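**Student:** Mind looking at a prediction? Sequence and model below.
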Amino acid sequence: MSTESDRETSTKGPWTKKHLLGLEDLSADEITLILDQAAEFKLLATAGKVKLDALSGTVVANLFFEPSTRTRTSFSLAAKRLSADTVDFSSSGSSLTKGETFIDTARNIEAMGVDQVVVRHSTSGTPHLLAKHLNASVLNAGDGTHEHPTQGLLDIFTIREHRKRIAGLTVALVGDILHSRVARSNIWGLTKLGARVIVCGPSTLIPPHIEKLGVEVSNNFDKILGETDCINLLRIQFERQRGAFFPSIREYAHFFGMTADRIRSAKSDVLILAPGPINRGVELTPDVADGSHSVILDQVTNGLVIRMACLFLLHQCRQNKIQS
Amino acid sequence: MSTTLIRGGRIVDPSQDIDRVANLFLRDDKVVAIDDATAVADHLVDASGLVVCPGLIDMHVSLREPGDEKDETISSGTAAALAGGMTSVVCMPDTSPVVDNRAAVEFVQLQSDRAGHCHVFPLGAVTKNHAGKELAEIGQLVEGGAVAFTDAKNPVADAEIMRRALEYTRMFNCPIFNHPQVPELVADGVMHEGQYSTFLGLRGMPAAAEDIMVGRDIALAEMADGRLHLMTISTAGSVDQIRRAKARNVRVTAEVTPQHLALTDAELQTFDSNCKVDPPLRSQQHIDALVEGLKDGTIDVICSDHQPYAVEKKDRELDQAPFGIVGMETLLPICIKTLIEPGHLSWSELIAKLTISPASILGIQKGTLRPGADADVTLIDPKAQWTIDAGKFCSKSRNTPFAGWEVCGRAHTVIVSGHVRYRSNGGCHQK
């Protein structure tokens, strides 16, 4: 069944992946395909075509086993924009609080006729476990400290939107690299698209062997400021840290916080990104967050079209499989 | 009186430095002789093409009874042992309740007698309830049949307690088995700390956590003149320190598992909880060092570290799944694949690490085919090609990373105290 929106949004390359588990698994072409699809959705929205019926008659389940505001809302809205029915399941504590395992919970929800499952979980690898047990397509909305592919994609999309390219840019990821799934997804995506990536933070928050992912490592924020086109300020994940990784928040902000002073030492056209939620005054000062270099709110807007693109492409893949 | 002739096998008995085709005579529950002549016997076993060796001893298994009979029982675990070619297993005291008193150790022996599969040598706890605070009643445990002492996967973290344990067990000439790991360095860890833990965003367990504890334990054993056995070592640093300690005659021995030789931390890329073991799977550099340690005798023993878990416990989120895999039924073919086939060890060297070496560490009269020895014999078909199928395990649990592996070599016939207790074509021997 070909709907009007199918024709409007037909893509160039074929999308062949059943699941979106991480950017590690994607080629540069596949990443570009998602970005282009998202750009198309953004154009349609700007032209006033906000609601499409591409996923009409399908069900998207949002399974959030970890607190989330923007990602859950963004996925939910993205699914609704594509006319899918949505089911939201949130469990702040362990999935075992009622004695049911996480897999059983997911299977039960799938049994209600779910086509796509969006999952967020505090354990790395959980979407992979679900993909093994479910027939539905699985979208990783953040697993432990492993990957957060749609966040990586929306960060890259936002950079591309402002700079028209990714290859050749220098992007710094600053802060808590060790506990950041956003960092890993950004690294996979940006390096595949040809960017130079620097990870910068206190040495206790830079995981060993990170340079094997093709990134440069710095512990001196001021030193890299002048050569950086985009700075992505990662949140200090206090809730994931086991013990103290640095002596005080004040000391962290002194060395790695983005302040107006540091903006002045940076390139004049530097882009400031932050995946949020931000700790104002820690990773960046309010004047920077709300200043002219900041594209933080663009990121949130773009998150919606990126998630629409992902849901749409996975749906297309399912449709093609059913037809063949 | 009953006699058995095992005819024409390749007899490999490292305790006597024998590796030749010959006949083995058994009378009742004892070995009579290894001989070239044939004789009349009540039972004849044709062993041509097979390796005939002392019954294998698995020095590190958890049988889960009492307390977790859903995972394993002493009966199912010892049936799995037979299928793996073992005639003796050494079981951990980490049951529920812990084997930290004489009644508990005698219960394990009672259940193994009831099962009637293979010999079970229980270990006793070093500290009460494995809490690491006060010594268990070690002397009482020795009288009840415990052959050595360990807190299993709980390292004896307090150096003072470890010192006293090494000193106290000197009276009984029993070793302390320690799981060498500094607990605070591996807290919440699920895999080896290295490039893959970074890629996968999984909390790491650094090799240094093991190296530090191995160093501490060696220093304490040297000071206390105690007997130290380091369980399932996994790092190059451990091998190096143990090698040097042995050179200065510290009473230290060590064991390694086949999984730590066959698999690296790269396996975790599938997020399969069957690759979550403690100590964690390490990198190739550590594996190379372990193989060197096996070759030069630094590592004395190969054991399975059999850790059965019911599927509902193991098949879950990686950080909530318990550590460990079942191993008795895959030990032999994985050893062949990782050590014999690449030419690292000869059959005699491998068999030594599965027989006389664990027997001498434990001080038990096993692991040899000398005249008068117990008639525990394992016949191995070194050429048998088979596919590992967890569904066919005699163990109650299925948590193996080796499912589907095409392997070579398996136990053909297992004789315990003169009785054939297992034949590979006979399926599981369940009572």
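**Tutor:** Now that the structure is in, tell me what you want to look at.
**Student:** State the distance from residue A:25 to residue A:149.
**Tutor:** In this view, residue A:25 and residue A:149 are 9 Å apart by C-beta to C-beta, to the nearest Å. C-beta coordinates here come from the backbone N, C-alpha and C atoms, glycine included.
**Student:** Show me which of these two is the more surrounded one.
**Tutor:** residue A:149 (32 against 14; other C-beta atoms under 10 Å in any protein chain shown).
**Student:** tell me the contacts of that one?
**Tutor:** Neighbour list for residue A:149: A:20, A:21, A:22, A:23, A:26, A:140, A:185, A:189, A:310 [criterion: C-beta atoms under 8 Å, 6 or more residues apart in numbering or on different chains].
**Student:** Could you restrict these to the ones contacting chain B?
**Tutor:** Applying C-beta under 8 Å from any C-beta of the partner chain to the contacts of residue A:149, one finds that nothing falls near chain B.
**Student:** from those residues, which ones fall inside helices?
**Tutor:** If you go by DSSP state H, the contacts of residue A:149 have A:185, A:189, A:310 in helices.
**Student:** show me what contacts the nearest residue to the first one once chain neighbours are set aside?
**Tutor:** When the adjacent residues along the chain are set aside, residue A:185 lies closest to residue A:152, with 2.9 Å between them (C-beta to C-beta, 6 or more residues apart in numbering or on different chains). Residues in contact with residue A:152, defined by C-beta under 8 Å, 6+ apart, are A:23, A:182, A:184, A:185, A:186, A:188, A:189.
**Student:** Tell me how many other residues surround whichever residue of the stretch 101-250 of chain A sits closest to chain B.
**Tutor:** In the stretch 101-250 of chain A, the residue that lies nearest chain B is residue A:125 (2.9 Å; C-beta to the nearest C-beta). Applying other C-beta under 10 Å, we find 28 residues neighbouring residue A:125.
**Student:** Please report how far it lies from residue A:269.
**Tutor:** Residue A:125 sits 39 Å away from residue A:269, going by C-beta to C-beta.
**Student:** Please apply the same query to residue B:150.
**Tutor:** Counting by C-beta to C-beta, the separation of residue B:150 from residue A:269 is 64 Å.
**Student:** Which one of those two is surrounded by more residues?
**Tutor:** Just comparing residue B:150 and residue A:269: by other C-beta under 10 Å the higher neighbour count belongs to residue B:150, 28 against 10.
**Student:** what are the ranges of the helices in the chain?
**Tutor:** All of this is about chain A. Using DSSP H, the helices assigned to chain A run over residues A:4-8, A:28-46, A:70-81, A:102-110, A:126-133, A:149-163, A:181-192, A:221-225, A:249-256, A:260-265, A:286-289, A:296-323.
**Student:** think we crossed wires, I meant chain B
**Tutor:** Taking DSSP H as the criterion, chain B carries its helices at B:74-83, B:102-115, B:138-144, B:159-168, B:183-186, B:195-200, B:207-224, B:236-247, B:259-262, B:284-295, B:311-314, B:331-335, B:347-354, B:356-362.
**Student:** can you list the residues of the stretch 201-324 of chain A near chain B?
**Tutor:** A:207, A:208, A:209, A:210, A:212, A:213, A:242.
**Student:** Which of those ranks first by neighbour count?
**Tutor:** residue A:207 (24 neighbours).
**Student:** if I look at that residue, how far off is residue B:273?
**Tutor:** 22 Å.
**Student:** Over to residue B:246?
**Tutor:** When distances are taken as C-beta to C-beta, residue B:246 and residue B:273 turn out to be 36 Å apart.
**Student:** who has more neighbours, the two?
**Tutor:** When neighbours are counted by other C-beta under 10 Å, residue B:246 and residue B:273 differ, and residue B:273 comes out ahead with 27 against 18.
**Student:** Confirm for me that that one is in contact with residue B:313.
**Tutor:** No: using C-beta atoms under 8 Å, residue B:273 and residue B:313 do not qualify as a contacting pair, with a distance of 9.5 Å.
**Student:** Please enumerate the shared neighbours of the two.
**Tutor:** Shared contacts of residue B:273 and residue B:313, defined by C-beta under 8 Å, 6+ apart, are found at residue B:321.
**Student:** OK, now which residue of the stretch 1-150 of chain B is nearest to chain A?
**Tutor:** Among residues of the stretch 1-150 of chain B, the one nearest chain A by C-beta to the nearest C-beta turns out to be residue B:70. It sits 15.0 Å away.
**Student:** ok now do the nearest residue to that residue once chain neighbours are set aside, which residues does it touch?
**Tutor:** Take residue B:70 and drop its neighbours on the chain: the residue closest to it by C-beta to C-beta, 6+ apart is residue B:310, 4.7 Å away. The neighbours of residue B:310, taking C-beta under 8 Å, 6+ apart as the test, are B:70, B:71, B:396, B:397.
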